[in-house]
Each structure stands twice: as structure tokens, then as C-alpha cells.
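**Q** missing the sequence, but the structure's below:
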Ligand code: HSE
């Protein structure tokens, strides 16, 4: 297997993941070549920072800041895009495709927002776009949906697909500390971004869910329609309640299919969720990710692993690179449609409004500790047809200060809960808007 036989690769972005890609290609060159039957050759790398020593061997690789020259280089057959964002990344990805190059990317934001344009362009150009690293880091969840589970009608997905928020929630549960304190620690440990809003506001998870929904249900990419809530408003009292009532709080990305054929609708949402402490997802701690997929033939499956980080994400990128390199060798791109469904089969599918969903809810009220408040709250819930499963008051105040009241409801439609909360929050002794966290047990 001489270098003449090698498939040429160009890497744009030598940050954490890019460095990991170089490391894996170097370290595992032997096993990669044995599995492929030919070597991969990293021809060139482009990054704006050409000075910082990344501690990897870059000998024999052209390294400069010219990403345009990289996509123009005739020796490069596959472009790895690891710069993130929608600006230069979009332009370079489209540019590479127009030049007949295959693309491997970890850019979930780009694909969630501009996936249609990119996949359509790739289909017209007859090239591959591979993106395993964009969801769940090193977990091969996209390949599993696209290939291993492709005989199934997928019924439900429950994912912990943002490592930063899972770390923050695990620490808040463990230590009883406030969100801001724990977030600072996540940043210091390098889990959260310097601007962590994509993580903590659930946007990163919604980008990833957009891709999962398309691949699981053949739905067109619908990022802007996915109801998304982050974890900023959670308080230590919520974690105390979780402990007391046998739950853990997770930022879940949930997708389910309702009905069939013409009446098919998709449920998709990202929000903090109470899950039973005994469930497998409750045991996914720290920055780890997990995705539970329920298929009609296979039943429940669970995929677990590192959702971020240098080597786990590089594992997914290089796995894609090998798959695409095989296509280059065969001269046939697109062995499997990138979103699992043939492009002409992807349909715009209506989303089920949150108000129509049924489930139990956790309510945290802030009330003045006056006689009769609880009675008013209970009767408003009753008038709206909402049963109370448990209720308790956290602490008590003799001075009329606000105290939290925790309520777990029975199963009910969310629209009813919203209507009741609108009334409850108008009561004179309710001092702040009631916070609602959904409970999810069906997985
Ligand atoms: N910020 C992301 C996370 C990185 O915390 O999961 C991996 O997509």
C-alpha cells in the first residue's frame, strides 16, 4: 500500500477536535489502512492560528491559514470542516461541494439550519456529506439510525445530547449549588463554551434533535419549530424535590411519532425534565451523553458514550472519513442517503403543539405563607381538571415571606396546566411566576 494509493484529505480547523483527528490518524494509521485496504493521507491543514503548538506531529502536512486554497487543492478529495458556525463554514462547505469534494463535518448548527441547501448541493454534485460527529460526539448514533435500525419504524427518541448541561445538572444535584456557580466550574473544566448560551439555553441540543428527527421520521429539518427551553431557571429547591420524590433532572431532547400516513404528526421538544431516578437515562452523569431509541421491531435500545471532547469526537470524524474514502475509491458517492430517507421521501410533517401533549408536571410555586393559599391553588387546579399526586411546602415563614410549594400533578394535557397557572399566578399571595418542569416516564 504505497502513498500513491492514498486518498487525499484536507482539514479546515485545527482546534480541539481537529487536533484529535490528526492524533487518531497518526496513532491508528496501521489499523485504519488494514480496515480500508489503502492509506489516508492528510495533505494539508488550514487554520487562522498557525503559531500555537498543538503537541501533535504535523510533519509532511502543509499547514497554513488558506482554507480557500485547501478546497481548491486537486490533491484533496475529502474536506473535513471543523471550524463551526454558519459563516465561513457554510461558504467553505458549499465551495468544497461545488468543486466535487466530499465533506466530513461536526457542524450540527450549520446542518440544522442549512442542511437542505447543503444536502441538495451534495446530491447534485454526486458527493458525500458525512456528519456523525455532529450528534452525540463519539457515539455512532447517526450511523445506527441510518443503517443498523433502518428496518424499523422509529417510534421515540429520548436523548441527553448536550454534555455541558448534563455536567451542570449532575453537579447541581450532587452539591446543591446554584446554576451560576456550577456553570463557572463547567467553563473552567473546558466543558462549556466561553459563551455557553447555545449549551445552557438548549439550542445545541435542538440543533442535534433536528438531525435526529429528520433521520428517524423522514421529516424535513425543522429547527426553528422545535420548542426549546434551557436550564437557567432551575433552582436548588428543584433538585431537592427530585431527590425527595425519586427523580433526576435531565435536559432531554424528545421526539416521538403520532399517528400514521396522512395523519402522522411529530412531537419534538428540548427542555429540562424530571426522569425516574431508577431509569437508565437518570444514571447518565457528568458530561456523558446517551440516546434511547425505540424501534417497532427492535424495541428499546440505548446508546451511551462521550458526547464531546477531543478524541471521542475525532473517533466519529475519522470513522466518517474512512467511510467516505471507501466511496472515493469505489467512485460511487451516496451509498446511503445522508438523512437516511431518500431526499424525495423527506416530508414536511406537522409538529404536535406542546399544549396537546399529555404527561405529569412538576410545579414550583412561590407563595406568601398565609392561611388559605394552598386551598386556592388546589381549587384552581381542580377546576381545570388537574389531579394532584403530591404536594408539599418547603420550609415555612412566620413573617409572610415567600416560600416554595412543590406540586406533582397526575397525567394531564399541558394546555390545562397552562390555563391553571395563568389563574394561579394572578393570586395576590403568589409572588413569582410558577415554574413548570415536565415529567417523562415513557422510555
Ligand atoms: N457543547 C457541546 C456539548 C459539544 O456540551 O455537548 C458537543 O457537541
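**A** That came through, no problem. Model, not experiment: these values are computed from the prediction. Residues are numbered from 1 along each chain as shown.
**Q** For residue 214, which three-state class applies?
**A** Here residue 214 is recorded as helix under DSSP: H, G, I helix; E, B strand; the rest coil.
**Q** please renumber so the chain begins at 341
**A** Okay, residue one is now 341; in that scheme the one you just asked about reads as residue 554.
**Q** Does the closest residue to it other than its chain neighbours fall in a helix, a strand, or a coil region?
**A** Once flanking residues are discounted, residue 554 sits nearest to residue 679: 4.7 Å by Cβ to Cβ, 6 or more residues apart in numbering. Placement of C-beta: from N, CA and C, glycine included. Under the three-state scheme (three-state DSSP), residue 679 adopts coil.
**Q** who's in contact with stretch 450-470?
**A** Here stretch 450-470 makes contact (Cβ atoms under 8 Å, 6 or more residues apart in numbering) with 424-426, 429-430, 433-434, 437-438, 440-445, 471, 474, 546-548, 550-551, 554, 560-561, 563, 660-661, 663-664, 667, 673-674, 678-679, 683.
**Q** So which bits of the stretch 641-783 of the chain are right by the ligand?
**A** 647-648 (Cβ under 6 Å from any ligand atom).
**Q** which stretches of the stretch 641-783 of the chain have low pLDDT?
**A** 735-740 (pLDDT under 70).
**Q** And the residue of it closest to the ligand?
**A** Closest approach between the stretch 641-783 of the chain and the ligand, counting by Cβ to the nearest ligand atom: residue 648, at 3.6 Å.
**Q** show me where the protein has helices.
**A** The residue ranges that make up the helices of the chain, judged by DSSP state H, are 356-367, 369-376, 407-412, 428-438, 448-465, 481-483, 503-515, 519-528, 537-540, 543-557, 576-585, 650-670, 713-723, 754-764.
**Q** what's the angle from the last one to helix 713-723?
**A** Which is helix 754-764. For helix 754-764 against helix 713-723, the angle by axes from the mean of the first three to the mean of the last three Cα atoms, to 10 degrees is 150 degrees.
**Q** residues in contact with helix 754-764?
**A** By Cβ under 8 Å, 6+ apart, the surrounding residues in contact with helix 754-764 are 694-699, 701, 703, 705, 716-717, 720-721, 723-726, 749, 770, 773-774, 776, 778.
**Q** Between the helices of the chain, which one is closest to residue 603.
**A** Among these, helix 543-557 comes nearest to residue 603, with 13.8 Å by Cβ to Cβ.
**Q** For the most centrally placed residue in the chain, give its distance to the ligand.
**A** Taking Cα atoms, centre = their mean, the centroid of the chain lies closest to residue 545, which sits 3.1 Å from it. According to Cβ to the nearest ligand atom, to the nearest Å, residue 545 stands 8 Å off from the ligand.
**Q** Same question for residue 456.
**A** For residue 456, the distance to the ligand - Cβ to the nearest ligand atom - is 21 Å.
**Q** now residue 524
**A** As judged by Cβ to the nearest ligand atom, residue 524 and the ligand stand 15 Å apart.
**Q** What separation is there between that residue and residue 502?
**A** Going from residue 524 to residue 502 by Cβ to Cβ, to the nearest Å gives 18 Å.
**Q** Could you work out the end-to-end span of stretch 666-677 for me?
**A** Criterion Cα to Cα, to the nearest Å; first-to-last residue distance in stretch 666-677 is 16 Å.
**Q** Could you do stretch 374-394 as well?
**A** One end of stretch 374-394 sits 28 Å from the other (Cα to Cα).
**Q** Report the mean per-residue pLDDT for that stretch.
**A** The average of the pLDDT scores along stretch 374-394 is 96.
**Q** Equivalent analysis for stretch 452-466, please.
**A** Throughout stretch 452-466, pLDDT has a mean value of 95.
**Q** How about it, which residues are buried there?
**A** 452-455, 458-459, 461-463, 465 (16 or more other Cβ atoms under 10 Å).
**Q** Tell me the one among those residues nearest to the ligand.
**A** Comparing the buried residues of stretch 452-466 against the ligand with Cβ to the nearest ligand atom places residue 452 closest, at 11.9 Å.
**Q** residues in the stretch 441-590 of the chain within reach of the ligand, list them.
**A** When proximity is defined as Cβ under 6 Å from any ligand atom, the stretch 441-590 of the chain approaches the ligand at 477, 502-504, 539, 544.
**Q** Which among the residues you listed count as buried?
**A** 477, 502-504, 539, 544.
**Q** Turn the residues you listed into JSON lines, including distance to residue 532 and pLDDT.
**A** Formatted as JSON lines, those follow (distance: Cβ to Cβ, whole Å; pLDDT from 0 to 100):
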{"residue": "477", "distance to residue 532": "15", "pLDDT": "94"}
{"residue": "502", "distance to residue 532": "10", "pLDDT": "96"}
{"residue": "503", "distance to residue 532": "9", "pLDDT": "95"}
{"residue": "504", "distance to residue 532": "4", "pLDDT": "94"}
{"residue": "539", "distance to residue 532": "6", "pLDDT": "95"}
{"residue": "544", "distance to residue 532": "10", "pLDDT": "95"}
